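1. Compute the structure for the input listed below.
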Amino acid sequence: MPDNSASIRRPQHIWLAVVVVYMILVLGIDTLAAQRVQWPFPWSRLQWHLSTTFPSLRGTPWSGFDVFKFLFWFVIPFVVSLPRMQWRYLAGKWDRWDGLLIGGLTVLGMLAMFIIPLIPALQATYPSLGHLGAEQKWGYVQRAMIWNFSWLLGWEFLHRYVLLRAVQREELTGRWGLPALRWQEWCWLAVPLSETLYHLQKPGLEAIGMCAFSVVLTLWCLIRKNWLVACLVHLIIEVELLVFMTLLQ
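-> As a prediction, this is how the structure comes out:
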């Protein structure tokens, strides 16, 4: 019988190349725009917020909704993934271990917030808003949560679904469901690599924390086949940051 393994691998390799190139483009453009790089043209012009399309939203909490991130990080990858979507992986299976992980990372995340005032770079990035009035704080929280929604869902879907499924083709066969000593079972590290590289534009300690966070959650996604846990933990940490900036710092 003819060997079809090469023909099977070829589409997988093509899809992997498409995913990697796409991620480099959309994350790279977003980084260049955020850093206001001027060469070979002002990349910040590609920043696309909802108020750009609908000027009437300026001054409202929806003005900062990042259309670029929502469209290129979530909508387009989601639509392209629809024909072969693994809905069970997105819905996830839950038990007490998932609850323990969420609870543990929630506590660790809140404790990590108290490092912010001790590191000047973090303090400059996430300043205290305690001096604001209650109405101003609430307005800031509203804007921040809408902005978080515009990018967080796409970030998680792009990394822990699209990229993870493209790079990790082998099941984990090690003890307790962990990777065995075969390089094919460690391709998932591409996800922490991507997330860490993107966060190099932020303070170094935050990039290190992102790397550790990504390793734990990406491996958990593989073991539990549950994407929602990582998404929920990421959202909780963003909420904790807002609570710390407005009430505790």
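
2. Low-confidence ranges, this structure, go.
-> Scanning the chain with the threshold set as pLDDT under 70 gives 1-11.

3. In which helix or strand does the spatially most central residue of the chain reside?
-> Here the mean C-alpha position of the chain is nearest to the C-alpha of Trp155 (C-alpha atoms, centre = their mean), at a distance of 3.4 Å. Secondary-structure assignment from DSSP states H and E places Trp155 in helix 134-157.

4. Show me what that helix is packed up against.
-> Counting contacts by 3 or more C-beta pairs under 8 Å, 6 or more residues apart in numbering; DSSP states H and E, helix 134-157 is packed against helix 67-69, helix 76-81, helix 227-243. Using the backbone N, CA and C atoms, a C-beta is placed for each residue, glycine as well.

5. contacting residues for the residue nearest to the centre of the chain?
-> Contacts here follow C-beta atoms under 8 Å, 6 or more residues apart in numbering; on that basis Trp155 touches 69, 73, 234.

6. report the longest helix in the chain, please.
-> helix 5-34 (DSSP state H).

7. what's the angle from it to helix 134-157?
-> When axes from the mean of the first three to the mean of the last three C-alpha atoms, to 10 degrees is applied, the directions of helix 5-34 and helix 134-157 differ by 160 degrees.

8. what element comes up after helix 5-34 heading to the C-terminus?
-> helix 50-53.

9. quick revisit: now the helix holding Trp155, how far from the centre of its chain.
-> 14 Å (C-alpha atoms, centre = their mean, to the nearest Å).

10. again, but for stretch 165-179
-> Between the centre of stretch 165-179 and the centre of its host chain there is 21 Å, according to C-alpha atoms, centre = their mean.

11. Verify the stated contact: Leu172 with Pro179.
-> Yes. Leu172 is within contact range of Pro179, at 5.1 Å (criterion: C-beta atoms under 8 Å).

12. which neighbours do the two share?
-> Any residue near both Leu172 and Pro179 by C-beta under 8 Å, 6+ apart counts here, and that gives Glu185.

13. Of those two, which one has the most company?
-> Under the criterion of other C-beta atoms under 10 Å, the comparison of Leu172 against Pro179 puts Pro179 first, with 22 against 18.

14. If you drop the residues flanking it in sequence, what lies closest to that one?
-> Spatially, and ignoring its direct neighbours in sequence, Pro179 is nearest to Glu185 (3.9 Å; C-beta to C-beta, 6 or more residues apart in numbering).

15. Relative to Arg169, how far out is the one you found?
-> With distances defined as C-beta to C-beta, to the nearest Å, the gap from Glu185 to Arg169 amounts to 10 Å.

16. With neighbour numbers in mind, choose between those two.
-> For Glu185 versus Arg169, neighbours defined as other C-beta under 10 Å are more numerous around Glu185 (18 against 12).

17. Return the distance of His13 relative to Val19.
-> According to C-beta to C-beta, His13 and Val19 sit 11 Å apart.

18. who's in contact with Gly104?
-> Taking C-beta under 8 Å, 6+ apart as the definition, Gly104 has no contacts.
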